[in-house]
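Undergrad: Dropping the sequence and predicted coords here.
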Amino acid sequence: GIPGALGVKLAHPDKTVIGFTGDGGSMYTIQALWTAARHGIGAKFVVCNNGGYRLLDLNLLEYWKERGIPEHPFPSSFDLSRPALHFVELARSLGVPAVRVSTEQEIGPALDLALSASGPFLIDWVLPHAPAAPSVDRRCGQ
C-alpha cells in the first residue's frame, strides 16, 4: 500500500494517487511515510484500521478447514488492539500530516483535507474490530 503508492506517484506525478492499506500490513512499511515527507512525494494514504490482521484470520480459518483442524482461538499476535495503533501520531512523527476518522460523516472532510494537501497525507480510518470467528487467545503468542 504505502510504498506502492509512492512508486505510482513518482511514475505519474500529475495524477492523484491514493494508496489503501490495512493496519497490520502498514506496520511493515510505515517508514515509507518518512520517504514521502523527505522527498515531497504527494501521494495520499488511507490506513484501514480494524485492530487486527483480518487477512491472517481468514487465511488461518481456511487452513484449518482444509486440514480438518477444529477452530480454536487465533494467536494473540493477530490482535493489534493492545496497545492501539494511532496512525495520526505515527504519520506526524514521520513528517506527514494526518487525520483520524471513525464515522461516515468524517470521511468527506478528511478526503477534502487530503486532496487539498500539496504533499503526502494520511487518513487513519478506524473500523470496527471484528475477528473472522474464533476469539483471540490472550495468553501468549502461539
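TA: Thanks, I have the structure now.
Undergrad: for the residue lying farthest from the centre of the chain, what are its contacts?
TA: Distance from the C-alpha centroid of the chain peaks at Gly68, with 31.7 Å (Cα atoms, centre = their mean). By Cβ atoms under 8 Å, 6 or more residues apart in numbering, the contact list for Gly68 is empty. The C-beta positions use only the backbone N, C-alpha and C, and glycine is treated the same way.
Undergrad: State the phi and psi torsions of it.
TA: Backbone torsions of Gly68, given as degrees, to the nearest 10, read phi 70, psi 30.
Undergrad: where's Asp23 relative to His86, distance?
TA: Distance of Asp23 to His86, computed by Cβ to Cβ, to the nearest Å: 10 Å.
Undergrad: which of those two has more neighbours?
TA: A count of neighbours by other Cβ atoms under 10 Å puts Asp23 above the other of Asp23 and His86, at 25 against 14.
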